[in-house]
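J.: Quick one, fold the following:
(2 chains)
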Amino acid sequence: MATTEVERRRGQLAALSIAAVVIIVGVPLWWRTTETYRAWLPVNQINELANLQLQLSADVEVVFARGTVTPEQQKKVPTQVVISLCLFCSSPLEADLSLHTLSESPCGSLVVYVIPESSTLLPEDVDVYIGQRRTALLRIEQLLAHLEPRIKQVLQVMSFSHTDITAALSDRVRLSPGNKESIADSMRAFKSSPGYEITFSLLNPDPKSHRVHWDIEGAVQTYIQPLLTKLAPLANFSIDSQTLYYAMLGVNPRYDSSRSAYTLNSDSLAHVINPVEARLGSNAASSNPVLNFLLYVPDAHHSPLHIHDHKKQEVLSNAFHSPRWGGIMVYNVNGFYGPEAVFPVDININMAKVMGVFLAQLRLLLGVQSSAPPPGFLVAPCSSTGLADWELDRLMWSRTVENVATATTTITSLAQLLDQIGNIVINDNIAQQVSSAVTSLQLAVAELEAGNLGFALQYSKEAILASERAFFDPSLLHLLYFPDDQKFAIYIPLFLPMCVPILLSLLKIVSEARQKRRERQAKKD
Amino acid sequence: FVFIMRCNFRIVLFLPPGLYKTPGRKMQIWLFYEELVIRPLHSGDIYASFQFRTVWETDFMRGNKVSHYRLFPKSLGQVISKFSVRELHISFTQGYWRTMQWGQPFQPSPPGAELWVWFQDSVTDVDGTWKELTNVLSGIFCASLNFIDSTNTVQPSASFKPLGIGNETDHRFLRYATLPREIVCTENLTPWKKLLPCGSKAGLAVLLKSEKLFHSSFHSQAVHIRPVCQDWQCKTTSWELRQTLNVVFDLHNSAQGKREWSLFKMFSRTLTEACPLASSSKIYIDITDNPQGEQFEVSPATPLLSQAVVLGDRRTFSVYDLTQQITFGTVRSLNLLIRWKSSEGDMLRPLLHAERYVAGYGLQTGEIHTLMYNNHPYRSFPVLLLDSVPWYLRLYIHTLTVTSKGKDNKPSYIHYQPSKDRLRPHLLEMLVQLPPNSVTEVTVQFERALLKWTEYTPDPNHGFYVGSSVISSLVPSIVAMDTNSTRERPLFSSFFPCKEESSYFVRVYTEPLLVNLPTPDFSMPYNVICLTCTVVAVGYGSLYNLLTRSFQIEEPSPGLAKRIANIIRKMRGVPPL
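T.: Okay, the predicted model is just below:
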C-alpha cells in the first residue's frame, strides 16, 4: 500500500513539474517568438498633446514720441520715452519708412509708436496708421485709459485675432454655429503644407481659329515671383505652365440675345471644373498640393463669354475661384479681330490683366486675408512685393497654429490606432519619427509661448513632416491582416493534445487534495 | 538619290513676333509632326504605323527651375527634369511580331512592357532614381511598371546605346527591364493619347479608337524621349518626343476574309482634318511591290509619290498630305481604300530573324535554344545577343554552345553577369558572327530553382515568363543609307540613327519563354504544421503518460479457458479454481 502511495505522489509531482515547465518556460517562449515587434512610443507625452493648451504671445514694443507723456504719467507707464524723430515728415508713409530704418524688429513682433495728440502726421479721422513693415503709428487722446484697448486692436489687425486662430483650427475644432462668413474664409485657403505647386494652364479649345500666345515666363517673373520670394519662409513654391488644346468646359454656355453674348451662370460654374481637370494631369514630380490657374479662351463660336453672378450681373473680372483648388479666368478674344479675319488669328494675351486676377486669387487661396480694418485705421498701400511684413506675420501665426494642430491630430490618431489594433508592427524608425514629431511639437509650442514666431514655424513644419512620415509608413500595414481564426487553426493541433493531459491531471490533483482535506476534517469531527 | 517631298518645315509657328525682340530671353521652338504609314502585307493583313513627333528646343543640360510647356506634355517634362533622364524608351505590346510573315517592323518591341533609360551622369544614386522613376511612370501610363525591381533590371554593356546625342556610354547610367507578362489594354492607351497636343480630337489621332485597335493581331504603343540636334552642326539641341503606335489587323478577324481594306474598316473612323498644331501631317502607303497597280489598287489616287530608304531597302510610297484641303476632296473626308486584285506574290525574306524555345522534359532541368537566321546570300555580319534570364532559372554557363552550320562558332565578346538569388537576374551578352545563309544556334542548360511559397505569382501553374532575347545588329544594306540625321525624312525612316551608308541598324526580339517551375500544393504548409504537431503531440502524450501514471502490480487476469471453467464450476456449485 505504501509503495502505491509513493508511486502516486511521484506521478503527481511529475505532472506538477511538467505543468510548471510549460508555464515558466513554454508560455514565455511562445509569447516571445510570436509577438509582433512594437517599439516604445512616448504615449504619455502624446496623451498630453491631446489636450494641449496653446498660448500665443507677441512682443509689442511701445515707443512714445516726445511730448506724449507727462512726467507723472511716465512713472506709471513701464516703457521708456524715446525719440522725436520724424516730426517733420509730411506723410505717414515717410514716417513709417524712416522709423523702420531706426529699428529692425524680428519676425512676429510689433512696434507701436505713440505720437502726440496735436501731431498732424495722420489725417483728421485716422487714429491708427499701419505701415508696411511691423510698425504702427498711434494717436490717442487720453493716453492711459485708451492705450491698452488700442494696442489690443492693433495686435488683432497685425498679428492674430480670435477668429483667425479658430479658422486655422477649423478642421480640428468645431466652430460655433452662425459664423458662416469665417467658415467660408477658412475653407477657401489651402491647408498648410510644406510646399505648393502652382500651375498656370492656357486652355485653347479652338486652335483652328485662335493661335494664342502668352508670355508666361515674363509674367511669372514680374508678377508672381516677388510675392513667392516674400512667402519663401512659409513654404516652397514651384511654378510651371502648360498649354492645353481642345480642352472644353463641362457646361454649354447659354446665349443671351439681349447682350448678344454667351453667359455662364453662377450655378453652372460648379460643373465647369471636372472635365477640365482630367486634362490638367497630376503632378508627377511631387505630392504637394497643386494650385491651378486656368486661362480659358472661348472658341470662336461661343464668344464673347461672360460669367454672371447670383444677381445676374456680369462679373467684372470674368473670373472665379474654387476653394482649395484654384482659379479660372475667361479671356474673350473676339474683339481682337474683325469679321473678315483669316483664321487662325494670332492673339497675344495681355498678361498684366490676367496676372492681376490670378495674383488676387493666389492671395486668397494662400490665405493672405485682407479683412476690413476697424474704423479709424489706415492701412499703408501695398509695396512692390504685394505683401506687407505684418501680413506675412499674420499668415505665419495662423499657419503655425494650423501646423501644430494638424501634427497633434496625426500623432494622437496614430497612437490611438496603434493602441486599438495590436497586430500592427511598430518599427524603430517609426518610433523615432513619432518621438521627433513630439519633440518638435513641444518645441513649437514653447516657441509660440515665447513669441519666437520664426522658430515656432520651423519646428511646426518639422513636426508635420515627421508625423506624416510616421503615419503613412508602409511598414505599418505588413501584418495588419492576420485573422485570429488562422492563428487558432495553426495552434490547435499542437496545443490541444499537449494541454488537455496537463489540465486533466492538474484537475485530478486538485480534486484529490480537496477530498483528502474533507476526509481529514471528517476524522477530526 | 533619295527623293524627298519638300514641305513647310522649320517654321516657327508658335511664337509671337514680340518674343524675338525681348533681350536676354532665349527663343523656344516647338514643333509637332504626325504621320501614318500603311503597309499592305502579302498575307492579306494590313500594318498601320502611327508616329507623332514633338520637338522642344531647350537648353536641357542646365537645370531650369521654372518649366513652361506648350506642346510637350507637362507630366513627361517633369519626369525628365526631376529624375535627370537623358533618354527614355518605353513600349507596351500585345501580341508577337511575326517577322517571317510581316517583314521587319518600323519600331521593334518585345511582347509585354519594355523600359530602358539612360540617366545623366549627374545622377549619383542610379538605382534609387530608377525605382522612383518606374513608380512614377507606372502612374502616368496606368501600367504595372512598379513591379520592376532589381530582380528584373539589368545594365546591358553593349546592346542598348543611346539613340540621341551625347557620347556618354558608361553603362552604369543605363537600366533595362522588361515585363513580359504585362497585358496592354485601353487603360494604357488613354494616357498615351492624352500626351498628344491635339489629344484624340483632331488629326490622325482621331483614328485611335481602342475597341478597334485592340481587336487586332498585334498592337504596340511606345514613347521615346531623347535629345536630338536641331541642325547639322549641332549648335542647338532639343528634346524629341516620339509617340509611336503599330497595329496589324488580321485578314480573317477584322476583314472577314475579304482582301479589301479601308480606313473606316480598320478604325471605324475617317479623316476630316489635320491637327491644326502640326507642321506636317501625312499618310504614306507602301506601294513598292505594286508599281503598276497589278497587286492592289488604292483609291482615292494621289499624284504625290515619295521614296525613302527604310530598313536597307528603297521603298516607294503614295503620300496624302492632310494639311492640303484638296486631299479630302469634295466629300471633305478621307477614307483610303486598298483593294487587292491578286493574292500572289512573295515577300522578300527578312535578312535577319530569330526564334527561341525551351527544350527538355521534367521539372528539374531544361535547355534554352536561340536560333538566329542570316538570310543574306553572301554576306556575313555580327550580331549582339542579349539575354536576361530570371534568377530562378539557374543557367549552367559552362554548357553554353554556339554552333553555325554544324561547326562551333566562337563569340568574339562575351559579357556574363551571374545571378544572385532574389537580387538580380542573369545577364548574357555575346557578339556572334553569323555566316551567310546560315542558322546559328545558341544553347544553354538551366536548372529550375525552388521558390519560397510566397514568391509564386498568382496562377503559378500557368508558368513563369522569361523576357525576349534582344538581337541588335548592323545588317548590310542593299542600297546606300542616308547618314545625315538632321535632314527631313519621313519619321518612320529616321528612328535609328545611321552612321554608315553600307549598313542599317536592326533590332529583333524573340518570343518570350513560358517555363513551368515545380509548383507545390499551396495547402502544404498547413498540412505540414498539422502533421508535425500531431507527431509531437503523440510523442509527448506517451512520455507524459509514462511520467505521471502510477504503476502497481496487479493480479494477472485469468485466461479465457479458466474463466469458462470457473463459470461452469459456479453453476455446479463447486469452488472456483
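J.: Give me the neighbour count for B:Leu71.
T.: 21 (other C-beta atoms under 10 Å in any protein chain shown). C-beta: built from backbone N, CA, C; applies to glycine.
J.: how much space is there between it and chain A?
T.: Taking C-beta to the nearest C-beta, to the nearest Å as the measure, B:Leu71 falls 8 Å from chain A.
J.: how close does that residue sit to A:Ala405?
T.: As judged by C-beta to C-beta, to the nearest Å, B:Leu71 and A:Ala405 stand 44 Å apart.
J.: Same question for B:Ser557.
T.: In terms of C-beta to C-beta, B:Ser557 sits 85 Å off from A:Ala405.
J.: could you list every residue that touches the residue lying closest to A:Ile46 once chain neighbours are set aside?
T.: Distances taken as C-beta to C-beta, 6 or more residues apart in numbering or on different chains put A:Ala415 closest to A:Ile46, at 4.5 Å, once the chain neighbours are dropped. By C-beta atoms under 8 Å, 6 or more residues apart in numbering or on different chains, the residues touching A:Ala415 are A:Leu41, A:Val43, A:Ile46, A:Asn47, A:Val434.
J.: Narrow those to just the buried residues.
T.: Among these, those classed as buried by 16 or more other C-beta atoms under 10 Å in any protein chain shown are A:Leu41, A:Ile46, A:Val434.
J.: Mark which of the residues you listed are part of helices, please.
T.: A:Ile46, A:Val434 (DSSP state H).
J.: which among the buried ones among the contacts of A:Ala415 gets closest to chain B?
T.: A:Val434 (25.1 Å; C-beta to the nearest C-beta).
J.: Isn't that closest one up against A:Ile411?
T.: Yes - the pair A:Val434 and A:Ile411 qualifies as a contact (C-beta atoms under 8 Å) at a distance of 6.5 Å.
J.: Next, show the common contact partners of the two.
T.: In contact with both A:Val434 and A:Ile411: A:Ile46, A:Ser467, A:Ala470, using C-beta under 8 Å, 6+ apart.
J.: Please work out how many residues are found near the closest residue to the last one other than its chain neighbours.
T.: Looking back up the chat, that one is A:Ala470. Closest residue to A:Ala470 apart from its sequence neighbours, by C-beta to C-beta, 6+ apart: A:Gln433 at 3.8 Å. The number of residues packed near A:Gln433 is 21, by other C-beta under 10 Å.
J.: looking at it, A:Gln433 is touching A:Ile464, isn't it?
T.: No - if you go by C-beta under 8 Å, A:Gln433 and A:Ile464 don't touch, sitting 11.6 Å apart.
J.: What residues are bridge-paired with A:Val111?
T.: A:Glu61, A:Thr135 (DSSP bridges).
J.: roughly how far apart are it and chain B?
T.: 36 Å.
J.: mind listing the helices for the stretch 201-350 of chain B?
T.: For the stretch 201-350 of chain B, the helices identified by DSSP state H, counting those that start in this stretch occupy B:210-213, B:251-254, B:263-267, in order along the chain.
J.: and the ones you listed, which is most packed in?
T.: Of all these, helix B:263-267 carries the top mean neighbour count, a mean of 19, counting by mean count of other C-beta atoms under 10 Å in any protein chain shown.
J.: Not counting its own residues, what contacts it?
T.: By C-beta under 8 Å, 6+ apart, the residues outside helix B:263-267 that reach it are B:46, B:48, B:207-209, B:212-213, B:249, B:254-255, B:269-271, B:334-336.
J.: neighbours of B:Leu305, just the number please.
T.: For B:Leu305, using other C-beta under 10 Å, the count is 12.
J.: for A:Met187, that is, sorry about that
T.: Counted with other C-beta under 10 Å, A:Met187 comes out at 13.
J.: Skipping its backbone neighbours, what lies nearest it in space?
T.: A:Pro323 (5.2 Å).
J.: Burial check on the one you found, number of neighbours?
T.: Around A:Pro323 there are 14 residues (other C-beta under 10 Å).
J.: residues touching it, list them.
T.: Contacts here follow C-beta under 8 Å, 6+ apart; on that basis A:Pro323 touches A:Met187, A:Arg188, A:Ala189, A:Leu365.
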